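> Sequence below, structure please.
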Amino acid sequence: MTGHGYRAFLEEMLAPLGGVAIRRMFGGLGLFRDRLMFGLVVRDVLYFKVASDEAAAFAAEGGAPFSYATGGGRVTTIASYWRAPDRLSDDPEEFLAWARRACAAAEAAARARPPGRRKAGPVA
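Model prediction:
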């Protein structure tokens, strides 16, 4: 599933959360809820925001933190976003549970930022 088809898939899977906005950014997609980014999609690969204590669960599923290639190698820029398990595509309830955890991680990260550094994402 690629491009527009993947976006439609995400819209359907995330609809029960309510208030989700999917925006184009950096050649991919950003997933927002309550103006907080909880996921990103790059080359049709879904990455969820992860609390530091949940990274092991993603690693156990074969996930890895978001990174990109440069001329000098590979750069991990957003270690708090991890590749979602592929199996979630086949289980809407499990997909939604992981998405809710990603939203909770985004909310916790926003609360932990100093007030002057808090940024709001796009309005849905």
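
> where in the protein is pLDDT low?
For the chain, the stretches with pLDDT under 70 are 1-3, 73-79, 116-124.

> Would you mark the buried spots in the longest helix along it?
Determined from DSSP state H, the single longest helix within the chain is helix 92-112. Under the neighbour-count criterion of 16 or more other CB atoms under 10 Å, helix 92-112 has 95-96, 98-99, 101-103, 105-107, 109-110 buried. C-betas here are computed from N, CA, C, even on glycine.

> Dump those residues into a markdown table; add distance to residue 85 as well.
Below are these laid out as a markdown table (distance: CB to CB, whole Å):
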| residue | distance to residue 85 |
| --- | --- |
| 95 | 9 |
| 96 | 13 |
| 98 | 8 |
| 99 | 12 |
| 101 | 12 |
| 102 | 12 |
| 103 | 17 |
| 105 | 16 |
| 106 | 19 |
| 107 | 22 |
| 109 | 21 |
| 110 | 25 |
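
> ok, these vs residue 36, which is closest?
residue 106 (4.2 Å; CB to CB).

> Quickly note the distance from that closest one to residue 47.
As judged by CB to CB, to the nearest Å, residue 106 and residue 47 stand 12 Å apart.

> what about residue 83, distance to residue 108?
From residue 83 over to residue 108 (counting by CB to CB), the distance is 20 Å.

> Residue 36 now?
From residue 36 over to residue 108 the distance is 10 Å, taken as CB to CB.

> cool, and residue 71?
Noted for residue 71: a distance of 35 Å to residue 108, by CB to CB.
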